[in-house]
Each structure stands twice: as C-alpha cells, then as structure tokens.
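Colleague: From the sequence below, what's the structure:
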Amino acid sequence: MAIESGKSIYGGYYCKDTETGIHGYGNTLEDARFDLQNKLADHRSKKK
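Modeller: Take a look at the predicted model:
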C-alpha cells in the first residue's frame, strides 16, 4: 500500500492511499493517517 501525504490546501494534513484513491484528513499527520486507516478498513469491509 503506497501512501502519499502532506499539508492540505484547506489547512491541516492529508494522507492518500494511491491504490484506492481514498483520502484521510486531520489536524496532524497522525490524525490524517488514522482517518485514512479507518476509511480503508470501512472500504475493505464493504467490498466483501
């Protein structure tokens, strides 16, 4: 899983999974990564 991350243009940070295109956002990089992990887990559970 390749993850791209950086500062969001809206303030805060983002993390993007390059495979699925799913984004996570947060006030810190850790928050953004945590948000992304939750969204990816949700995405995987819906695929089954």
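Colleague: residue ranges of the strands in the chain, please?
Modeller: 3-7, 13-17, 23-26 (DSSP state E).
Colleague: how about low-confidence regions in this protein?
Modeller: Applying pLDDT under 70 to the chain flags residues 1, 48.
Colleague: before we move on, the earlier item: could you dump the strands of the chain into CSV with distance to A41 and mean neighbour count added?
Modeller: Backbone N, C-alpha and C define where each C-beta goes, glycine included. What follows is these, written out as CSV (distance: least, CB to CB, whole Å; neighbours: other CB atoms under 10 Å):
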stretch, distance to A41, mean neighbour count
strand 3-7, 14, 12
strand 13-17, 11, 20
strand 23-26, 11, 18
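Colleague: need those strands in TSV with distance to R33, can you?
Modeller: Shown next, in TSV, are the strands of the chain (distance: least, CB to CB, whole Å):
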stretch	distance to R33
strand 3-7	7
strand 13-17	5
strand 23-26	6
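Colleague: L29: neighbour count?
Modeller: 15 (other CB atoms under 10 Å).
Colleague: which residue ranges form the helices in the protein?
Modeller: In the chain, the helices defined using DSSP state H lie at 29-47.
Colleague: so how far is the first residue of stretch 15-31 from its last?
Modeller: Taking CA to CA, to the nearest Å as the measure, stretch 15-31 stretches 9 Å from start to finish.
Colleague: Residues contacting stretch 18-28, please?
Modeller: Identification of contacts with stretch 18-28 by CB atoms under 8 Å, 6 or more residues apart in numbering yields 1-4, 8, 10, 12-17, 31-40, 43.
Colleague: hmm, 6 Å instead?
Modeller: Under the criterion CB atoms under 6 Å, 6 or more residues apart in numbering, residues A2, E4, G12, Y13, Y14, C15, K16, A32, D35, L36, K39, L40 lie in contact with stretch 18-28.
Colleague: Compute the number of surrounding residues for the residue lying closest to the third one once chain neighbours are set aside.
Modeller: Translated: G12. Once flanking residues are discounted, G12 sits nearest to N27: 4.9 Å by CB to CB, 6 or more residues apart in numbering. Here the number of neighbours of N27 (other CB under 10 Å) works out to 11.
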